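Trainee: Structure, please.
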Amino acid sequence: MASSMVVPVVDVQSNNFKELWPAMLLAIKSSSFISLDTELSGLGNRKSLLAESIEDRYKAICNAARTRSVLSLGLACFKKQGDKTNPTYFVQVYNLTLLCSEEYVIEPQSVSFLVQHGFDFNKQYAQGIPYNKGNDKGTDAHAMNVRSLFVEVLRARKPLVVHNGLVDMVFLYQCFYAHLPERLGTFTADLSEMFPAGIYDTKYATEYELRLVASYLEYAFKKCKLDNSRSIEGGGKGPHMSLEFCNYTRNMKTYVDYRPCPDSQGATATTDVCIQFSAYGWCPNGSQCPMSHDTDLIILQDEKGKETKSQKRKRRKAQKGTMEHAEDAQDAPPSKQAHTESSHMDVGGQDNRTDKNVLTVAKTTEDPQEGAGSHAGSTNNETAGVAGEDGVPVTSEGQVADLALHPVSDAKRAADVKKAESGLHRAGFDAFMTGYIFAYGSALAVKPEEPSPETWLPSCLNKLYLSGKSVPLQVVKSTFSKSSKAHMHKMDNVWGKHQNQDATPKTENVA
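Mentor: Here you go, the predicted structure:
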């Protein structure tokens with residue numbers, strides 16, 4: 001069975017960002033590939049995110065990225081070493097807590113779900129690393145900040161790995177790079193130049209390359225981990241890979257969250273599993289669901305064919321009935337799950353969330369170059385100081401108040417906490433799981449007779465998964481699309497500065 005694993009995730013906030021900067025920079029530059037994940041404050045109108053027209057979908061995601069924010073960023077750096085066919089990866093994982101310095105919308109539904117899964121909003125407002133969105137402002141291009149860290153990811157010219165990553169890529173562009181272009185073709189043209197080593201989407205890989213029964217992140221990770229362990233325990237005859245992690249010093253351990261990945265030996269194939277969770281990785285009943293949400297058990301039942309004909313029909317019906325409405329939410333981080341038409345909190349119900357049901361969080365720092373209301377999407381009745389429909393308290397300054405006051409029963413809170421502790425949601429750990437799937441899939445893709453250190457998943461290069469579509473979004477520069485002016489200006493700055501190795505980032509605007 002799958003071996004146990006403990007993954008060290010380094011927590012990065014404003015009070016230790018400068019201290020950890022050299023280590024993060026070294027991890028990025030020495031990596032073979034980088035995987036990213038985000039937690040978001042919301043996604044806006046859900047129906048628009050699943051529009052038939054991909055151009056319309058892009059516009060909806062752009063609107064969300066311009067009005068919402070990234071709450072945390074997960075960064076996992078995998079360095080390939082040793083055997084080319086069965087390699088060992090040295091892995092470093094970082095979880096950055098962020099705080100947008102401009103006004104942004106936060107949706108109560110996202111707050112509720114994130115809190116249930118352990119996200120600390122009080123910590124975010126106290127220690128979040130500040131950042132500006134859109135084009136560089138003032139000293140952004142030369143300061144030691146999150147935008148500069150994203151630039152270092154670009155300069156490294158490594159393959160970038162995401163899971164169901166179109167939304168992530170749009171938010172990363174708007175929040176840490178430049179103003180988003182209006183057209184999708186321009187956006188993909190920019191991405192192709194930003195990441196010359198390619199972008200890989202493990203959601204697409206698990207469905208079209210690995211062909212797993214389910215493709216939500218936790219299922220894909222645990223299935224790959226289980227198969228990889230079996231290959232190793234079977235004498236290493238099949239393709240496999242190994243991992244190594246940092247042994248952090250005593251001082252560093254205060255920043256490290258050790259995330260256990262238990263083995264599957266304790267799972268038994270006798271308990272009934274939740275069909276909805278089995279198919280998508282979320283359930284409308286949440287912690288109150290009487291059926292099992294144990295991913296290890298779901299995998300074992302899939303492997304042993306324990307599903308009855310009735311269960312198979314239910315699963316196919318659930319997949320077909322919610323494909324066009326819920327698939328974007330099935331494996332996304334919590335802040336991205338709550339916003340498709342049939343969300344995890346309102347599956348099959350009416351669309352009771354609109355852009356009017358949001359809170360607007362005020363700017364955390366004054367920016368003389370930007371007006372107080374520089375971000376659209378809020379109206380007079382959406383201002384800070386008003387509790388949302390879920391009852392999430394907000395202070396007059398727009399900060400989320402003590403979330404222990406969230407009006408739920410002690411029993412439900414205890415159940416939610418227990419459920420959260422058993423889950424794996426977190427930007428840093430999600431980035432690690434994404435990278436693990438990619439590393440294992442790449443090990444399977446290597447041909448023993450033609451070993452190559454650059455063999456990843458060639459059939460998945462520059463293909464972003466599109467929910468409800470049989471074809472992916474190709475990240476290419478079309479002959480009909482030009483790069484955006486904001487991108488060209490940014491790239492001049494990035495590579496000009498890159499050529500001048502004497503240019504040392506300043507350290508202001510960090511805390």
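
Trainee: mind showing which ranges of the stretch 401-511 of the chain have poor pLDDT?
Mentor: Scanning the stretch 401-511 of the chain for pLDDT under 70 picks out 401-425, 447-455, 496-511.

Trainee: let's go with 90 and repeat that
Mentor: In the predicted model of the stretch 401-511 of the chain, residues 401-426, 442-459, 467-470, 476-486, 488-511 satisfy pLDDT under 90.

Trainee: can you check the stretch 101-250 of the chain too?
Mentor: Applying pLDDT under 90 to the stretch 101-250 of the chain flags residues 108-120, 136-143, 208-216, 226-241, 246-250.

Trainee: which residues in it form helices?
Mentor: 108-116, 121-127, 146-156, 166-176, 184-194, 202-208, 217-233 (DSSP state H, counting those that start in this stretch).

Trainee: out of these, which comes closest to Met252?
Mentor: Met252 lies closest, by C-beta to C-beta, to one member of the helices of the stretch 101-250 of the chain: helix 121-127, at 17.1 Å. Backbone N, C-alpha and C define where each C-beta goes, glycine included.

Trainee: What is the closest one packed up against?
Mentor: strand 88-100, helix 108-116 (3 or more C-beta pairs under 8 Å, 6 or more residues apart in numbering; DSSP states H and E).

Trainee: Redo these as TSV? Include mean neighbour count and distance to Ile275.
Mentor: Formatted as TSV, the helices and strands packed on helix 121-127 follow (neighbours: other C-beta atoms under 10 Å; distance: least, C-beta to C-beta, whole Å):
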stretch	mean neighbour count	distance to Ile275
strand 88-100	23	32
helix 108-116	24	21
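
Trainee: I'd like these as a markdown table, with distance to Pro196 appended.
Mentor: Putting the helices and strands packed on helix 121-127 into a markdown table (distance: least, C-beta to C-beta, whole Å) gives the following:
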| stretch | distance to Pro196 |
| --- | --- |
| strand 88-100 | 22 |
| helix 108-116 | 34 |
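
Trainee: Burial check on Ala76, number of neighbours?
Mentor: Neighbour count for Ala76, taken as other C-beta atoms under 10 Å: 30.

Trainee: what's the distance between it and Phe33?
Mentor: Per C-beta to C-beta, to the nearest Å, Ala76 is found 9 Å from Phe33.

Trainee: intersection of neighbour lists for those two?
Mentor: Residues touching both Ala76 and Phe33 (C-beta atoms under 8 Å, 6 or more residues apart in numbering): Gly435.

Trainee: on contacts alone, who are the packing partners of the host helix or strand of Asp302?
Mentor: Using DSSP states H and E, Asp302 falls within helix 295-304. On a contact count with 3+ C-beta pairs under 8 Å, 6+ apart, helix 295-304 meets helix 217-233, helix 275-280.

Trainee: Switch the ones you listed over to CSV; also include mean neighbour count and distance to Phe245.
Mentor: Below are those laid out as CSV (neighbours: other C-beta under 10 Å; distance: least, C-beta to C-beta, whole Å):
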stretch, mean neighbour count, distance to Phe245
helix 217-233, 21, 15
helix 275-280, 25, 29
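
Trainee: Which among those helices is found nearest to Asn45?
Mentor: For those, the distance to Asn45 is smallest for helix 275-280, at 20.8 Å, taking C-beta to C-beta.

Trainee: re earlier: which one of the helices of the stretch 101-250 of the chain lies nearest to Leu49?
Mentor: With C-beta to C-beta, the closest approach to Leu49 among those belongs to helix 166-176: 8.0 Å.

Trainee: What about Arg155, how many residues nearby?
Mentor: Arg155: 15 surrounding residues under other C-beta under 10 Å.

Trainee: unless I'm mixing things up, it is touching Val494, no?
Mentor: Yes - counting by C-beta atoms under 8 Å, Val494 is a contact partner of Arg155 at 6.6 Å.

Trainee: Helix, strand, or coil at Gly44?
Mentor: Using DSSP: H, G, I helix; E, B strand; the rest coil, the structure places Gly44 in coil.

Trainee: State the pLDDT value of it.
Mentor: With respect to pLDDT, Gly44 scores 87.

Trainee: Not counting its neighbours along the chain, what's nearest it?
Mentor: Closest residue to Gly44 apart from its sequence neighbours, by C-beta to C-beta, 6 or more residues apart in numbering: Ala64 at 4.3 Å.

Trainee: repeat for Pro196
Mentor: Per C-beta to C-beta, 6+ apart, closest to Pro196 is Arg157, 5.8 Å.

Trainee: what's around the one you found, how many residues?
Mentor: Arg157 has 11 neighbours, counted by other C-beta under 10 Å.

Trainee: residues touching it, list them.
Mentor: Neighbour list for Arg157: Phe195, Pro196, Ala197 [criterion: C-beta under 8 Å, 6+ apart].

Trainee: Turn the residues you listed into CSV, including neighbour count.
Mentor: Output for these, formatted as CSV (neighbours: other C-beta atoms under 10 Å):
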residue, neighbour count
Phe195, 21
Pro196, 10
Ala197, 16
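
Trainee: buried stuff in stretch 8-26?
Mentor: Under the neighbour-count criterion of 16 or more other C-beta atoms under 10 Å, stretch 8-26 has 8-14, 16-17, 20-21, 23-25 buried.

Trainee: Tell me the one among those residues nearest to Pro87.
Mentor: Relative to Pro87, the closest of the buried residues of stretch 8-26 is Pro8; by C-beta to C-beta it sits at 20.2 Å.
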